[in-house]
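J.: this one's structure only:
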């Protein structure tokens, strides 16, 4: 295999591992949220905060990821920050009933993952076909997520919260090992050797905000899908297996999203996916039986997987060195944190029927931000790549 293809394969593996660390949190979120209430007697709001803390850490990482990715190779970051993640999951397994310990440990793990995601995304954003690469990376991450949901669901069913965090530690260790073969930094395309200053424009803010709002609002239903499944008489193990299979198939939507973004742009695909997401989660929450529940999850989940690489590619196109890509990836992923917090608050106050209403409102906001983000494709002063 030519060295350039081998290097891209290693980058794909490293990027998928970094993103899979965040999808590990996503896989744990719906299972642990319900378990915190059942096992520890926590309120919905506190349980939502506990599963949201990793994503809060990911959001905070956006402020340091560009600098860290410029200074250190991805392999160096993986060794250091992967160890932080593994340790945080081990200690959480040993102290699952301590509110303060769980919150702080999951925050630390989230920061570690956010920096790794940002560093990987910056490297991908500087490649010739970032959309396709993002799509492939997301696809692999989602494929792994389907098995992680099944594993975490089975572990929680067998050993409670300690079992869930224990399995997470093992998975985190394996993902860290997958990142080590790649040792590289972003390809700087600027003729100047000095770093290009980050230019903040209305379009850049709209693109990043759109990603955060979309993931936050599409994640509202994701947070409570295990609760909905239980209300329909579906067990933890059955729900984990069924949702895992669905996520396995939905991985193809990541690849399609990346290809569509590279070939046709982002405006129309994103608009259609926003509307599909709102309708999908309405059907999921109001499903009268298990069959309708699983069928409704298809448009709801597929729209999320499709949009993720499109939004990342759009953010990565904002500058030559991928700095906005490094910022957008952790911030966009942090939407799962705000989803868990908001979902817990909404359900506690108004019940599950508030979820599709909030999701629909969020998709309307996304459409407005999409108009801002695409009405001026190349504002003055923004050194964008040609799309």
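T.: Thanks, I have the structure now. Please read these numbers as outputs of a predicted model, since none were measured by experiment. Numbers count the residues shown, from 1 in each chain.

J.: how about the helices of the chain, start to end?
T.: Remark: helices of the chain, listed N- to C-terminal, are 3-35, 44-61, 65-71, 74-94, 99-125, 130-179, 202-223, 225-231, 236-264, 267-285, 290-316, 323-333, 335-350, 354-375; assignment by DSSP state H.

J.: Report the mean confidence score over the third one.
T.: Along helix 65-71, the predicted local confidence has a mean pLDDT of 84.

J.: And for the last one?
T.: When pLDDT is averaged over helix 354-375, the result is 92.

J.: got the buried residues for that helix?
T.: Taking 16 or more other C-beta atoms under 10 Å as the basis for neighbour counts, the residues of helix 354-375 that come out buried are 354-360, 362-363, 365-366, 369-370, 373-374. C-beta coordinates here come from the backbone N, C-alpha and C atoms, glycine included.

J.: so how far is residue 168 from the most centrally placed residue in the chain?
T.: Centrality entry for the chain: nearest residue to the mean C-alpha point is residue 333, 3.8 Å, by C-alpha atoms, centre = their mean. Counting by C-beta to C-beta, to the nearest Å, the gap between residue 333 and residue 168 amounts to 16 Å.

J.: One more: residue 281?
T.: Plainly put, residue 281 is 26 Å away from residue 168 if you go by C-beta to C-beta.

J.: do residue 109 as well
T.: Distance check for residue 109 against residue 168: by C-beta to C-beta, it reads 9 Å.

J.: Return every residue with contacts to both of these two.
T.: Overlap between the contact sets of residue 109 and residue 168, as judged by C-beta atoms under 8 Å, 6 or more residues apart in numbering, is given by residue 89.

J.: picking up where we left off before, so who does the residue nearest to the centre of the chain touch?
T.: By C-beta under 8 Å, 6+ apart, residue 333 lies in contact with 22, 55, 58, 114, 117, 215.

J.: ok, now how distant is residue 367 from residue 316?
T.: From residue 367 over to residue 316 the distance is 22 Å, taken as C-beta to C-beta.

J.: Please apply the same query to residue 102.
T.: Here residue 102 is placed at a distance of 34 Å from residue 316 (C-beta to C-beta).

J.: For the two, indicate the residue with more neighbours.
T.: Ranked by neighbour count (other C-beta atoms under 10 Å), residue 102 and residue 316 place residue 316 first, with 29 against 25.

J.: Next up, the contacts around the more buried one.
T.: The contact partners of residue 316, by C-beta under 8 Å, 6+ apart, come to 121, 124, 125, 130, 134, 322, 324, 325, 328, 385.

J.: any idea how far it lies from residue 45?
T.: Between residue 316 and residue 45 the computed distance is 35 Å (C-beta to C-beta).

J.: Residue 166 now?
T.: From residue 166 over to residue 45 the distance is 26 Å, taken as C-beta to C-beta.

J.: Quick one: low-confidence residue ranges for the protein.
T.: 1-5, 184-197, 236, 376-387 (pLDDT under 70).

J.: picking up where we left off before, will you turn the contacts of residue 316 into JSON lines that also has distance to residue 33 and neighbour count?
T.: JSON lines is the format used below for the contacts of residue 316 (distance: C-beta to C-beta, whole Å; neighbours: other C-beta atoms under 10 Å):
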{"residue": "121", "distance to residue 33": "27", "neighbour count": "33"}
{"residue": "124", "distance to residue 33": "31", "neighbour count": "30"}
{"residue": "125", "distance to residue 33": "32", "neighbour count": "29"}
{"residue": "130", "distance to residue 33": "33", "neighbour count": "27"}
{"residue": "134", "distance to residue 33": "28", "neighbour count": "32"}
{"residue": "322", "distance to residue 33": "34", "neighbour count": "31"}
{"residue": "324", "distance to residue 33": "32", "neighbour count": "27"}
{"residue": "325", "distance to residue 33": "30", "neighbour count": "30"}
{"residue": "328", "distance to residue 33": "26", "neighbour count": "31"}
{"residue": "385", "distance to residue 33": "39", "neighbour count": "15"}
